[in-house]
Structures are given as structure tokens and as C-alpha cells.
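Asks: My questions are about this predicted structure, shown below with the sequence.
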Amino acid sequence: MKEQDNGLLASATGIELCHTVGGQFCSKLLGDLGMEVLKIEQPEGDALRKTGPFPADGPHPEKSGLFLYLNTNKKSVTINLETADGRELFRSLLAKADILIEDQPTGALSTLGLDYEQLKPICRNIVMTSITPFGQTGPYADYKAYPLTGYHGGGQGNLLRNEHLERPPVRAGAYVNEYEAGIGAAVVTLAAHYRQRMQGHGEHIDFSKFQWNASLNRANICRFFNANLHETRHTYKLPWGGVIKCKDGYVILLANEDHHWRALTEMMDKPSWALDKRFDKAFDRAKNGVELTGLVAGWFGGRAKVELHALALQHGVPLGIVRTPADLVEAPQLVYRRFFTSITHPDAGAVTYPTYPYRFSETPARPFAPAPRLGQHTADILTHRLSLSGPQLAQLRKLGVI
Amino acid sequence: MNKQGILQPPLAGIRVIDFTWAAAGPFATLMMGFLGAEVVKVESEKRLDLLRKLAQVYGRAKSSEVSVEQSPEFNDLNLNKLGIRLDMQNPASIELVKQLVAVSDVVVANFSAGVLQRLKLDYVALRTINPSIIVASLSSGGSGGPEYQQLGYAPIFSAQGGTANLAGYADEPPIPTRGASDMVSGSYLALAITAALNHRSHTGQGQFIDVAAIEGIAMLVGETVVDFSMTGHVAHRRGNEDNAIAPHNCYPCLGDDRWVSIVASTDAEWEALCGAIGRPAWCHDPRFAAALSRWEHRDELDNHLAAWTRSHPPEEITAVLQNVGVAAFPVMSIQALAHDPHLRDRRFYDEVNHPVMGPCKVAREPWVLAETPPSPLRPGPTLGQHEVSILQDLLGHSEAEVALLRDSKVLT
């Protein structure tokens, strides 16, 4: 337990041993909510430090945009788990912590003597969250995955209707499914932590990204089972509207209900065609959908996306801007809610980050700490948590343990 | 532990009053229910959960006679919950909600902005009844702000949050993402509530939580915001391509619209792939020998690989490549997920006996707890199914009082 009381989870300490986006996002969410997160890195550093995006001056282990985003509010401790002394240090740190978040390949921690059964006697009541591509058990347990194979494995790609269906199914962003899994793992971890606090029981959470991502499509799956509906990218077609090109980008329009349609005609200042019988009721609009979409697109085409969005808000039309990253940082609502924050990192400088999608009335948002430099907190944590002396640290360093 | 020495689920003892409807909010309370919380779903015949009417909305109902108790989606997203009907326009309902709040831990809603205040059920009002109550609200953009009145559905929020822009091919329009983004919003809602429960466990303090769905989506493209801030580069959709890795795509397979996704990042993975599919010569081809040149020649490489994948089903390719340590996996359809042997082996699917629909297949919690045995599932509640026991056993009303509430159409 640490002394500082700042943030919802400030009284808890978590250890992170993660190399994937999903695992690191899970512990980031907890760290951003105030949990002390000790990120255990191997001496060569986290693999994501080598993954872009990088600033214009090229790759640098302290300047990966992905790493910087995923590691706000964490402390970096380098420990070489290939050494027996390193594993002993890891166990000692864990014995003083509440939570372990790890995403090592199945079986890897058993080999190191660090799996749940082996840790349980030393780390009383530990909550251990193991985030793997497919889970600890089952026919695919040892299968390998990358974010792309995970995305399409979870079923989301086959529900995205791209224009030319003879082309392969596509994804929505590089790490979407990884982030999604990280959120789910954080929910279960905090539930187990709650019982740990209240009743003193530990838990081992076997979190399968595949299973989690599949569960996000549970409504589609249950329609398949019980309503004899098989939805794919081929079956999904909006009767009209949807993504529409405008002057400087795209908007999306889903004006399904009659009152939405009436609001849209008001918004367009009642053009004569909009009052035509062919578009009178939902059924008529669906029947003449191609023509209607063309006419609406004609009206939208000469107008800017922010103009269309402002009009839609004013008239109560369900319409959104297809926002680019440049649009996001200027979006009025996000700016108003201070969703983005600028953090200055000693190497990467001042960079803008998303914070979090919730506000707590009694626990105001606190300033974010930038991602740690490699091993930035090693000496501090080992000195203050494990009471190691200066000469002991020097010796461990010499032996390549830290 | 209960009396039999069985460890109770993590959130056992937590009671949630659930005003949410449609998909996002109910997914949050579904998870909390899976984790052991008791969820009391408040509904009204005057304001039916959208999911009860999906058969009509989708036009798959053969007639308008499909009852509101015959929605498999409603059942699936409301497993384990208790149901009570309350007409929220009736002041007597507000009184009953306050009685429920007094014996509960969490109130969750996804009303439009201002509705909780109008009903006098906002956090400030509720904490006078229960000082440690946690009130959580989910909306598209959060309560307050210039766009708080944003209307829409999951695809609009995904557009506004930035994922749609990154979905699709560079030379095609963006693609609105679908229901999964609702589930993402619900996940953040559940996360914020469990964080607040932990905070309450050592401070006794309640909380008003304001969750914004669009912000939750924007978190999923966070690295592109950081990139834009660092370099001014505006990320654009680019199919399945990666910045540095090839092969990194979906490839056509034997069968109707069947595909397999394959990624080989390291030289070792690439060599293993070439060996497994009987093309060892590719490893020595100067175009494909090193990671950088594989990436530079990725279109040619994709064509070569597709020529091989085309004559095999995705499951076979997956087995062959995973066997040599290469990440390959079928592009899963909903049907494939429903029949998947791995998910079945992990007991992801189950069946409940619904009082109106009969046996229904459902998905269980998507995680496995080593210490806590899975609990049997209850079907989603029929309208008002548990209101008598809630009013009598939990709130201590008499049978006569409950009859009066029914006669005066409070329970409606």
C-alpha cells in the first residue's frame, strides 16, 4: 500500500508484465484511475518502444507514440527475469502488491516458476490477470496472434461492409480489438480486486482476447442461434443514408424514424423533392433509398462537415462527422470536457493524449504523468519497497539482474 | 465464502438498480451480473427496452403479434437480472425508486441528459437517501457541453469517436462500425463503476460517474491522436496494411467468401511460413528475403500467398501455419463463432429455459475464473417478473400494498 491518496485506485499497487497492446492498455486504464502500476521491463526494454509512430527525427526508444500513450502513469522497473536473482526480486515485489497483469504466452510463466499456483503461497491473495490471445485452455490455447489476426478472429471484420466485397474483409484501426480486450480485462480485475479488499481472497483471471472480442458480437451470435439470422458484411445494407461525402470529408446519417426524416427536411430547408410522396414514410424511403441518398448527398456535397453537424444538432437529426485524428482534437465537445491533455515527456516533449472517457464527481481528474523512461524507477522502487542498499543495487546491476 | 465453503463471485452482495436500455448499458450490467452483482432492471410497458422490439425493427417478425417476451437479444443481454415495472411518470414510482436506492449500491442509467434531474433522481438527490450511493450515467458525449444533445446510434458514435475513419480501404469510403462499439461503451461504464466500488470500500464515499461513449471510442484510436500531435500526420484507413510488416492481410480461401488472416513479422516466422507451404525458395528471393523488402514488395507477396491459400480452407491453413509458429486465423463469421470448438471447449455457450421462448442458446461471461466456479444462468426477466418479491421481500411492502400499486398502474 502506498502513502499518496490520489485517484480512485490510489491505495492499490499493480505489477505489469505485458508486451502486447491489450495487456498494457489494461494496466494503463488502472494506472490512469490512480493505481500505482510498476511496469516490469526486461533490460532491453519493452518491445513497443520500438514500434511507431515516431516523431520526424526517427525511431527512439523513449519516443514511440504508441508506447507513450499506453504507459502514462506507470513506473518502469527493469528486472531480468532470465536470472534467478531477477525472479526473486520479482516475487518480492509481487508479495507487496495487490495485482499482477500479465500477457506472456501460455506456459511461459510456469517455466520461470512464476505461474499462479507457484506464486499463490508467496503472494497471499494475489489477483492475477492473464491476458492471452485465446486463453489458458482450449484447442487454440497455444496459437499465436497479432492484432490483425485477433481483429478478424473476433468476428468484427466480417461485419464491416466495404464497398467492393470481392476485396478481403478489413479492420477499423490498428489496435481496436487489443484496446477492447484491455478494457474487459480491467473490469474483471477490478471486480476481483474488490473481493480481495473486502474478503481477502485472490483470483486468477484467465482472459482470452478471442473470447472477449467474440462476446462483443453476442447480439449477432444470439440472433444466429435463436432467430435463424446469419449477419455478414454481405447482409448489412442500410436502406438509405449512411456514410455520405461532403465538401471536406464524410458524415454519417442514420435518420431511420419518421420524426428524424422530418427534422432532416427542416434542416435542408424543405427542398421540393424532400416533400415528394416517394419519400413520405419509412417504407417509401427504403424503397427509393438509392435515389434519396443521391439527393441528400447532393445537398450535403457543397457543405462542410462541421456545418452539417451543427445544423443536425440544431434540428435533432442523427448525424455525425466521420472524424479524423485532426478533427478529434478540435471537436468542441471533447475540448469542452478536457478529454485531451498535453503531457511533457523529458525526451518526447509536449504531446497531446486522450485521457479517459469518464468523470467522477468526488474524485476530480488529476494531472497525468508521462510514460516512464526505461528503468526510470528501478533504484527508487528497489530501495524503498525492498529496502535494498546502494551496494546491493550496484551488485545486481553488475550481474545484469537489473 | 458461503456456508458450503464455496467462494462467492467477486461482486456478490452488490445491488444495482438498472435503468439502462438497448445494448450499451445492459451490457455493463450484464457483466456486473456475471461477476455476482444483483441487478434490478427497471422497465415500463410505456417505455419498452428497444431490444424487446427488435424483431419488429428488423422486420423479421412474421406478424406484429411477436410478443415483447420473444426477443432473443433482450434475453441474452439481460441474463440473470431481476425485472420490475415502474411507470416513471407516476410520482409513486419515484418514491419506490428511492426505497430501492436506500438498499442498493449502484444506480445506472442511459437516459438523455437532464432526465435524472427532472425525475429528482440525480446524484445530489439520491445521496441524501444513501450517502455512499454510486450513480453512473452513460450518454453519447457526456452530460453537459456544446454537443450534449448529440443523437444517434452506435455507428454515429464510432464515426464521431474516430474508428470509422480508420475502417476500410484507402480508396473506398470509411465504414461505420457496428454493435461492438456499443459494447465498448458498456465496458467503460462497468469499469468506472467497479473502480468507484473499490474507492468506496475504503473511503465510504459515493460518486456520480459521467461516461461518454464517443470518448470511449476515441480511446481506441489514441495512438493516432498522439501521432498527429507529434508529427502532424493524419492517419487514414489503409485496409489491413501495417507500417512495417508483410505479410499482414486477409487471404482468399477455398469456399464461399472464406478468408484467412496471416501475419509474419520476424524472419523466423517468414521462413517457417515458406517451409510449411512448400515454397522454401521464397526465402532466398531477394524481394522477400528481408523484412523491409518484404514490406516494399507486399502486393506481390500477397498475390503469391493468395495463389496458395485459394486452394485450402481457412481452418486447414490455420492448423498448418500455427503448427510452425505462424500467426494465422480464419476471418470468423458469426456462424463460425457460434460453432467454434475452442469457445465451446471453454464453455462460452450455454442454454437457458425462457418462460415464454423455451430453450434459448446464449453466450456466458467471456472470461474464466480459476477460484470461482461459474454460476448457473437465469433467463432475462419477463416484464415485471420479480416485482412482487422485490417489493415484498426487499422493500417490506405488504401484499395489499403491492395490489394497490398494481391497481393504480404504478406497476405498469
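Replies: Okay, I see it.

Asks: shouldn't residue B:198 be in contact with residue A:30?
Replies: No: in this structure, residue B:198 is not within contact of residue A:30 by C-beta atoms under 8 Å, at 10.1 Å. C-beta here means a position set from N, CA and C on the backbone, and glycine is covered the same way.

Asks: Mutual contacts of these two, please.
Replies: A:9, A:12, A:190 (C-beta atoms under 8 Å, 6 or more residues apart in numbering or on different chains).

Asks: ok, and the most crowded of those residues?
Replies: Within the shared contacts of residue B:198 and residue A:30, most neighbours by other C-beta atoms under 10 Å in any protein chain shown means residue A:190, with 31 neighbours.

Asks: can you pull out the strands in the stretch 201-350 of chain B?
Replies: Along the stretch 201-350 of chain B, counting by DSSP state E, counting those that start in this stretch, strands occupy B:207-212, B:248-252, B:259-263, B:327-330, B:349-354.

Asks: so which of the shared contacts of residue B:198 and residue A:30 are also by chain B?
Replies: Restricting the shared contacts of residue B:198 and residue A:30 to those near chain B by C-beta under 8 Å from any C-beta of the partner chain leaves A:9, A:12, A:190.

Asks: before we move on, back to that, which one of residue B:198 and residue A:30 is surrounded by more residues?
Replies: More crowded of residue B:198 and residue A:30, by other C-beta under 10 Å: residue A:30, with 31 against 24.

Asks: Report the rounded mean pLDDT for whichever strand or helix holds that one.
Replies: For residue A:30, the host element (DSSP states H and E) is helix A:21-32. Average pLDDT, helix A:21-32: 98.

Asks: Then stretch B:242-249?
Replies: Here the average pLDDT along stretch B:242-249 is 96.

Asks: Go through that stretch and flag the buried ones.
Replies: Neighbour counts over stretch B:242-249 (16 or more other C-beta atoms under 10 Å in any protein chain shown) mark B:242, B:245-249 as buried.

Asks: Point to the helix or strand of chain A where mean pLDDT is at its lowest.
Replies: helix A:282-287 (a mean of 91; mean pLDDT, DSSP states H and E).

Asks: Residue A:259: how many residues sit nearby?
Replies: The burial count for residue A:259: 11, using other C-beta under 10 Å.

Asks: contacting residues for it?
Replies: Contacts of residue A:259 by C-beta under 8 Å, 6+ apart are residue A:316.

Asks: Now do the contacts for residue B:296.
Replies: Residue B:296 neighbours (C-beta under 8 Å, 6+ apart): none.

Asks: Equivalent analysis for residue A:151, please.
Replies: Contacts of residue A:151 (C-beta under 8 Å, 6+ apart): A:157, A:171-172, A:176-177, A:213, B:261.

Asks: and if we set it to 10 Å?
Replies: By C-beta atoms under 10 Å, 6 or more residues apart in numbering or on different chains, residue A:151 lies in contact with A:145, A:157, A:160, A:169-178, A:180, A:209, A:213, B:240, B:250, B:261, B:329, B:331.

Asks: Kindly report the same for residue A:224.
Replies: Applying C-beta under 10 Å, 6+ apart, the residues near residue A:224 are A:217, A:230-231, B:72, B:333-335, B:337-339, B:361.

Asks: For it, grab phi and psi.
Replies: phi -60, psi -50 (degrees, to the nearest 10).

Asks: quick one, strands of the stretch 1-150 of chain B?
Replies: Using DSSP E, counting those that start in this stretch, strands in the stretch 1-150 of chain B cover B:15-18, B:38-43, B:82-85, B:106-109, B:134-139.

Asks: What mean pLDDT does the second one get?
Replies: To tie it back to what came earlier, the one meant is strand B:38-43. Rounded mean pLDDT across strand B:38-43 is 98.

Asks: Could you list every helix and strand in contact with that strand?
Replies: strand B:15-18, helix B:24-34, strand B:82-85, helix B:91-102, strand B:106-109, helix B:387-389 (3 or more C-beta pairs under 10 Å, 6 or more residues apart in numbering or on different chains; DSSP states H and E).

Asks: Mind checking these for the one nearest to chain A?
Replies: With C-beta to the nearest C-beta as the measure, helix B:24-34 is the member of those nearest chain A (6.1 Å).

Asks: and the closest one, anywhere near chain A?
Replies: Yes: for helix B:24-34, a contact with chain A is found by C-beta under 10 Å from any C-beta of the partner chain, at B:27-28, B:30-32, B:34.

Asks: nearest to residue B:114, of those?
Replies: residue B:28 (21.0 Å; C-beta to C-beta).

Asks: burial count for the closest one?
Replies: That count, for residue B:28 with other C-beta under 10 Å as the rule, works out to 31.

Asks: contacting residues for it?
Replies: A:187, B:16, B:18, B:20, B:39, B:108, B:110, B:136, B:138, B:183, B:185-194, B:211.

Asks: coming back round to it: for the residues of helix B:24-34 next to chain A, please prepare CSV with the additional fields pLDDT.
Replies: Below are these laid out as CSV (pLDDT from 0 to 100):
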residue, pLDDT
B:27, 98
B:28, 98
B:30, 98
B:31, 98
B:32, 98
B:34, 98
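
Asks: Now for these, which sits with the most neighbours around it?
Replies: In those, the most neighbours by other C-beta under 10 Å go to residue B:28, 31 neighbours.

Asks: Now do the contacts for residue A:153.
Replies: A:133-134, A:140, A:143, A:145, A:177, A:209-210, A:213-214, B:261, B:318, B:327-332, B:336-337, B:340, B:342.

Asks: Provide the secondary structure category for the nearest residue to residue B:322 once chain neighbours are set aside.
Replies: Leaving aside its sequence neighbours, residue B:322 sits nearest to residue A:143 (C-beta to C-beta, 6 or more residues apart in numbering or on different chains; 4.9 Å). Under DSSP: H, G, I helix; E, B strand; the rest coil, the three-state class of residue A:143 is coil.

Asks: Check the contact between residue A:143 and residue B:324; I expect there is one.
Replies: No: using C-beta atoms under 10 Å, residue A:143 makes no contact with residue B:324, being 11.8 Å away.

Asks: Give me the more crowded residue out of these two.
Replies: Set side by side, residue A:143 and residue B:324 show more neighbours around residue A:143, with 26 against 16, by other C-beta under 10 Å.

Asks: Once you drop chain neighbours, what's closest to residue B:72?
Replies: residue A:226 (3.6 Å).

Asks: Following element in sequence after the helix or strand where that neighbour lies, please.
Replies: Using DSSP H and E, residue A:226 sits in helix A:218-227. Where DSSP H and E defines the elements, the next helix or strand beyond helix A:218-227 is strand A:242-246.

Asks: Can you give me the domain boundaries for chain B?
Replies: Annotated domains of chain B cover B:15-219+B:346-407, B:248-333 [automatic domain parsing].

Asks: With chain A instead?
Replies: A:13-216+A:338-398, A:242-330.

Asks: Please work out which of the ones you listed is packed deepest.
Replies: domain A:13-216+A:338-398 (a mean of 21; mean count of other C-beta atoms under 10 Å in any protein chain shown).

Asks: OK, contacts around the closest residue to residue B:408 other than its chain neighbours?
Replies: Leaving out its chain neighbours, the residue that sits closest to residue B:408 by C-beta to C-beta, 6+ apart is residue B:92, at 7.0 Å. By C-beta under 10 Å, 6+ apart, the contact set of residue B:92 is B:86, B:404-405, B:408-411.

Asks: Considering only helices and strands, which part of chain B has the lowest mean pLDDT?
Replies: Min over SSEs of chain B, mean pLDDT, DSSP H and E: helix B:54-57 (a mean of 67).

Asks: quick check: angle from the longest helix belonging to chain A to helix B:24-34?
Replies: Under DSSP state H, the helix in chain A containing the largest number of residues is helix A:176-199. What separates the directions of helix A:176-199 and helix B:24-34 is an angle of 40 degrees, with axes from the mean of the first three to the mean of the last three C-alpha atoms, to 10 degrees.
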